[in-house]
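*Asks:* A structural model of the following input is requested.
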Amino acid sequence: MGLIVIAVLCASAIIYREQVPVPIVSALSPQVSPVASVFPAPEKTSYQMKLRLDVANNTLYGTTLLNTQNTSGKSMDELWFTAYPNCFQSSDKTPAPLEAYYAGFNQGWLRFSLIKVNGQAVQFTEKGASIQVKTASAIAPEENIQVEMTWRAQIPRLKYRYGSNNTVYMLGNFYPALNVFSKDGWHNSYNSVFGDPFCFQSAYYAVSLNIPNAYNMVATGRTVSKTAEDDGRDTYLIEARDARDFSLLVMYDYTEIKEEIKGVTVKCYFPSKHSEIAQQILRKSGQIINYYASQFGSYPYGEFKVAFVPMQGFHGMEYSGLIFLREEFLQTGYEPERSDFILAHEIAHQWWFGLVGNDQLREPWLDEGLANWSAYKYLQEVEGKPIPSGLEYKNGMNLGKELREMYSSQEYYRTAYNGGEAFWFGLEKELGHEKVIKVLRRYLADYKNKIATTQDLMDIIKLEAHQDMSGYIYKWFPPKS
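*Replies:* Coordinates of the predicted model:
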């Protein structure tokens, strides 16, 4: 396929020639039907965004042109969006630890000045982290949908996945993102002080970013061009294909190093200094990507980026083609075994949640448990490190809990991470490593760039096992009372 050419940057939108993606066909026997009638369809969905960062006021100004199609099979009279910055409006509800507010609490939010659906201005209502948009008229099945938005986002002074620290802007989940609608209804985000309260489909992104020329940026996707403006600012054009989300880092006085490793350009961004440790992490990232690609399936992008940021509340955070790691990783003597595991875990999310999506609100174990297990397998098979012996949940637990049913971060980690990894180690004992890899390759082939559910995964396990798995599955998913 040829490259998309972004030809003209207009005042209101980026104009580009969009290709029709080649359908993804599993080479495996199609006994399991991939998710059907989920809205929005990845191959029919594109975001065009024009962004301008005002560093004096910590404000990001944006316009969004979203094109998609009603693939739900039903008439739609509303659309729901996630506006994650609205989680940071009050000190008693913010998901960030209060100590991460280095200058005292200050607000973050996202405000709309206009929303149009198919050319008509519409009413919208903020409901926590979600925005309800009422359409002026019903949208028929298979009807095209165009949503135009004008918005601005306040960036809190906060060391977090959404926030700023002096001249570093961590912009994860900063833009209004269309939520998923399935046979179970809308998968709407809500504020949670732990976990990742998201469920998004993959999409194509074409983004124009305008920042002061003293700053640099890192983003999901690839940079198409950079233009110096007359006002001392630079405009970047960025495109990203099949991205589960779009993330940005804007920073001052950072160093970039890069290396091509088996066809993937691995890049690392860090505050000036610490180049030796950053170089080690660069090489290790390439090793991890190669291992996962050989085990599960190819890495989908031409680039992979690691950025070190002043972040509290998380050791790492994953986005499509980009991960954030805490700056502490760059300190000499920082627990190397811990940092290796976290790096391998975050990179595993490029496959589990990035390529194969899931609802992190309803089934958080799906991506987190698999990312943990994948990281341990890398450490064991490539670095020769033993698997931890204390898998205390090897005899089962209830993995079927939604995020809202977990009442503490401890319960969340115990269930989604520890219980999730124990499920996969137990499955290895039941089936053997090679058969588990066959399960995962099929899982990836059938649900690449889609949303998978626990039931989808269990169906694949049953087919690949060629034996009765009901007893094993029951240990982890007891019937709800």
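*Asks:* From His349, how far off is Ile288?
*Replies:* 11 Å (C-beta to C-beta, to the nearest Å). Using the backbone N, CA and C atoms, a C-beta is placed for each residue, glycine as well.
*Asks:* can you check Lys385 too?
*Replies:* 20 Å.
*Asks:* Same question for Pro478.
*Replies:* Distance, Pro478 to His349, by C-beta to C-beta: 28 Å.
*Asks:* Just want to know which of those two has more residues nearby.
*Replies:* His349 (24 against 13; other C-beta atoms under 10 Å).
*Asks:* what sits against that one?
*Replies:* 318, 323, 367, 371 (C-beta atoms under 8 Å, 6 or more residues apart in numbering).
*Asks:* hmm, which two among those are most spread apart?
*Replies:* Ile323 and Asp367 (13.8 Å; C-beta to C-beta).
*Asks:* which residues sit in contact with the residue nearest to the spatial centre of the chain?
*Replies:* Per C-alpha atoms, centre = their mean, the C-alpha nearest to the average position across the chain is that of Tyr319, at 4.0 Å. By C-beta under 8 Å, 6+ apart, Tyr319 lies in contact with 172, 220, 244-247.
*Asks:* Tell me the spacing between Ser272 and Asp234.
*Replies:* Ser272 sits at a distance of 20 Å from Asp234 (criterion: C-beta to C-beta).
*Asks:* try Pro212
*Replies:* 8 Å.
*Asks:* For the contacts of Tyr319, pick the one with the most neighbours.
*Replies:* Going by other C-beta under 10 Å, Ser247 tops the contacts of Tyr319 with 28 neighbours.
*Asks:* Over to the closest residue in space to that one that isn't next to it in sequence: give its phi and psi.
*Replies:* Sequence neighbours aside, Tyr319 is the residue nearest to Ser247 in space, at 3.7 Å (criterion: C-beta to C-beta, 6 or more residues apart in numbering). Per-residue torsions, Tyr319: phi -140, psi 170 (degrees, to the nearest 10).
*Asks:* Beta-bridge partners for Tyr319, please?
*Replies:* Assessed by DSSP bridges, Tyr319 has beta-bridge partners Leu322.
*Asks:* Can you check the pLDDT for Leu79?
*Replies:* On pLDDT, Leu79 comes in at 98.
*Asks:* and which of the contacts of His349 is nearest to Ala445?
*Replies:* Asp367 (17.2 Å).
*Asks:* Surely that closest one and Asp359 touch.
*Replies:* No. Look at Asp367 against Asp359 with C-beta atoms under 8 Å: they stay out of range, at 9.7 Å.
*Asks:* Break the chain into its domains for me.
*Replies:* 1-22+43-252, 365-476 (automatic domain parsing).
*Asks:* can you redo the ones you listed as JSON lines with distance to Val306?
*Replies:* Compiled in JSON lines, these are given as follows (distance: least, C-beta to C-beta, whole Å):
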{"stretch": "domain 1-22+43-252", "distance to Val306": "9"}
{"stretch": "domain 365-476", "distance to Val306": "15"}
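*Asks:* Of all those domains, which one is nearest Ile277?
*Replies:* domain 365-476 (16.9 Å).
*Asks:* average pLDDT across the closest one?
*Replies:* So the average pLDDT for domain 365-476 ends up being 94.
*Asks:* Show me the shaky parts of the stretch 151-300 of the chain.
*Replies:* Of all residues in the stretch 151-300 of the chain, none has pLDDT under 70.
*Asks:* cool, the stretch 1-150 of the chain as well?
*Replies:* Ranges of the stretch 1-150 of the chain meeting pLDDT under 70: 1-36.
*Asks:* in it, which spans are strands?
*Replies:* Per DSSP state E, counting those that start in this stretch, the stretch 1-150 of the chain carries strands over the ranges 6-9, 14-16, 46-54, 59-69, 76-82, 109-117, 120-121, 123-127, 130-139, 144-154.
*Asks:* nearest to Asn418, of these?
*Replies:* strand 76-82 (27.6 Å).
*Asks:* mind listing what the closest residue to Ser320 other than its chain neighbours touches?
*Replies:* Once flanking residues are discounted, Ser320 sits nearest to Ala243: 4.0 Å by C-beta to C-beta, 6+ apart. Counting by C-beta under 8 Å, 6+ apart, Ala243 touches 202-205, 220-221, 320-321.
*Asks:* and those as a markdown table, adding secondary structure?
*Replies:* Below are the contacts of Ala243 laid out as a markdown table (DSSP: H, G, I helix; E, B strand; the rest coil):
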| residue | secondary structure |
| --- | --- |
| Ser202 | coil |
| Ala203 | strand |
| Tyr204 | strand |
| Tyr205 | strand |
| Thr220 | coil |
| Gly221 | coil |
| Ser320 | coil |
| Gly321 | coil |
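*Asks:* where do the helices sit along the stretch 351-481 of the chain?
*Replies:* Along the stretch 351-481 of the chain, counting by DSSP state H, counting those that start in this stretch, helices occupy 365-381, 409-412, 420-431, 433-447, 454-465, 470-476.
*Asks:* quick one: which of Ser272 and Asp234 has more around it?
*Replies:* Asp234 (17 against 8).
*Asks:* Quick check: that one vs Ala228, distance?
*Replies:* 6 Å.
*Asks:* wait, what's in contact with Trp109?
*Replies:* If you count contacts by C-beta under 8 Å, 6+ apart, then Trp109 has 85-86, 88-89, 153-154 around it.
*Asks:* Just to check, Ala96 is in contact with Gly163?
*Replies:* Yes. Between Ala96 and Gly163 there is a contact under C-beta under 8 Å: 7.1 Å.
*Asks:* and the end-to-end length of stretch 310-326?
*Replies:* Its start and end residues considered, stretch 310-326 measures 6 Å (C-alpha to C-alpha, to the nearest Å).
*Asks:* residues contacting Val439?
*Replies:* Applying C-beta under 8 Å, 6+ apart, the residues near Val439 are 427, 431, 460-461, 464.
*Asks:* With adjacent residues omitted, what lies nearest to it?
*Replies:* Closest to Val439 by C-beta to C-beta, 6+ apart is Glu464, at 4.8 Å.
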